[in-house]
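Asker: fold the following.
(one chain, ligands or ions: 1)
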Amino acid sequence: MCFFYSFTIELFKEVVTTTKEELYKELSDAIVSCKKDQVLAAVEKARGELEAPEIIENGLAAGMNEVGTLFERGKLFLPHVMMAAEAMQAGVDELKDDMPEASEKAAAVIVNGTVEGDVHDIGKAIVSTMLQTSGFEVYDIGRDAPVADFIAKIKETDANMVGISALMTTTLQGQKEVIEALEEEGLRDKVKVMVGGAPATNAWAKKIGADCYAENATEAVSKAKELLL
Ligand code: HCB
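Answerer: Numbers count the residues shown, from 1 in each chain. This next block holds a predicted model:
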């Protein structure tokens, strides 16, 4: 009897896991299709089964990475990437109300932005949303943001941390420039620095004197908590 019971539980777990993986794949495939309607339908189907952050990270963002790979291989072209990005944004917007509400008062203040010359902001926007729903007070200064905008917002909000996103090897240097400006302004000791974006790495973060590198939004939340709480 006991064996039968635990066997059934294991079988049930297996079925649930498989279903999750299938939902992730459906979400990812919908992004690769570059069709907004397909993405919204996949989100609608998944939202009863999965938490909003896992729909975004494991489904939609995984699909966007696949789009990047196909673009690199010449299998998709820029208009496709733009359509996929638009569909991804629509999917994330749809999930905003499903994000877990932060129960306590803001734990710390974080300014988040994408460096000047770089228009990529999907990942950065996800990071902002996840930090916000984890209890941080977040000021997202958008994309293509000059160094001066980072500094002005940090001063205005008395921020404890800055998140700096860069998606291109050509704009990565912008992260270093923000850190240098923090040093020049005498703010570096009181403001923690997190860097992110596909070309950034732990080694890069160390080299430019950032406090941490976050590979994705979940890691951004855990690193912010580690450094600020
Ligand atoms: Co764009 N693009 N793009 N692009 N693009 C990339 C980034 C390339 C790698 C594609 C390629 O060639 N292989 C490439 C950069 C090559 C390089 O490194 N030099 C590239 C290029 C070249 C360009 C243009 C120059 C193309 C052109 O015009 N010829 C142009 C850029 C113009 C400019 O910026 N001045 C361009 C334009 C576009 C759009 C507009 C079509 C669109 C962006 C739409 C938007 O963001 N609103 C776009 C997209 C979508 C991409 C790819 C396909 C996906 C990026 C993305 O959204 N990923 C990307 C290929 C790729 O990255 N594999 C390609 C999904 C998100 C969820 O992941 O990595 O952004 P993420 O964010 C993660 C993570 O990095 C981390 O957490 C996020 C969530 O998990 N993170 C942080 C990010 N920021 C953080 C901040 C923190 O504080 C902490 C963590």
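Asker: domains in this protein, by residue range?
Answerer: Structural domains annotated on the chain: 16-98, 109-228, as defined by the TED database.
Asker: does the ligand sit close to the longest one?
Answerer: Going back to what we said before, that points to domain 109-228. Yes - if you take Cβ under 6 Å from any ligand atom as the test, domain 109-228 does meet the ligand, through 112, 117-124, 126-127, 163, 165, 167-170, 194, 196-199, 214, 216-217, 220. C-beta coordinates here come from the backbone N, C-alpha and C atoms, glycine included.
Asker: hey, which helix or strand in the protein has the poorest pLDDT?
Answerer: Least confident helix or strand, the chain: helix 2-32 with a mean of 73, by mean pLDDT, DSSP states H and E.
Asker: what's the following helix or strand after that one?
Answerer: helix 36-46 (DSSP states H and E).
Asker: okay, buried residues for that next one please.
Answerer: Buried residues in helix 36-46, defined by neighbour count with 16 or more other Cβ atoms under 10 Å: Lys36, Gln38, Val39, Leu40, Ala42, Val43, Ala46.
Asker: of all these, which comes closest to Thr69?
Answerer: Val39 (18.0 Å; Cβ to Cβ).
Asker: isn't the closest one right up against Ala90?
Answerer: Yes - Val39 lies in contact with Ala90 (Cβ atoms under 8 Å); the separation is 6.3 Å.
Asker: mark which of the residues of domain 109-228 next to the ligand are buried, thanks.
Answerer: So, by 16+ other Cβ under 10 Å, the buried ones in the residues of domain 109-228 next to the ligand are 112, 118, 120-124, 126-127, 163, 165, 167, 194, 196-198, 214, 216-217, 220.
Asker: now the buried residues of helix 36-46 as CSV including distance to the ligand and pLDDT?
Answerer: Output for the buried residues of helix 36-46, formatted as CSV (distance: Cβ to the nearest ligand atom, whole Å; pLDDT from 0 to 100):
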residue, distance to the ligand, pLDDT
Lys36, 14, 97
Gln38, 17, 97
Val39, 13, 96
Leu40, 17, 97
Ala42, 16, 96
Val43, 15, 96
Ala46, 16, 95
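Asker: out of these, which two sit at the greatest distance?
Answerer: Farthest pair in those (Cβ to Cβ) is Lys36 and Ala46. Separation: 15.6 Å.
Asker: and the helices in the chain?
Answerer: Under the criterion DSSP state H, helices of the chain are mapped to 2-32, 36-46, 52-54, 61-72, 78-95, 122-133, 147-157, 173-184, 202-208, 217-228.
Asker: and Cys34, how many neighbours?
Answerer: Under the neighbour criterion other Cβ atoms under 10 Å, Cys34 is assigned a count of 21.
Asker: tell me the pLDDT of it.
Answerer: You'll see Cys34 listed with a pLDDT of 96.
Asker: pretty sure it is touching Leu78, no?
Answerer: No - counting by Cβ under 8 Å, Cys34 does not reach Leu78; the two are 11.4 Å apart.
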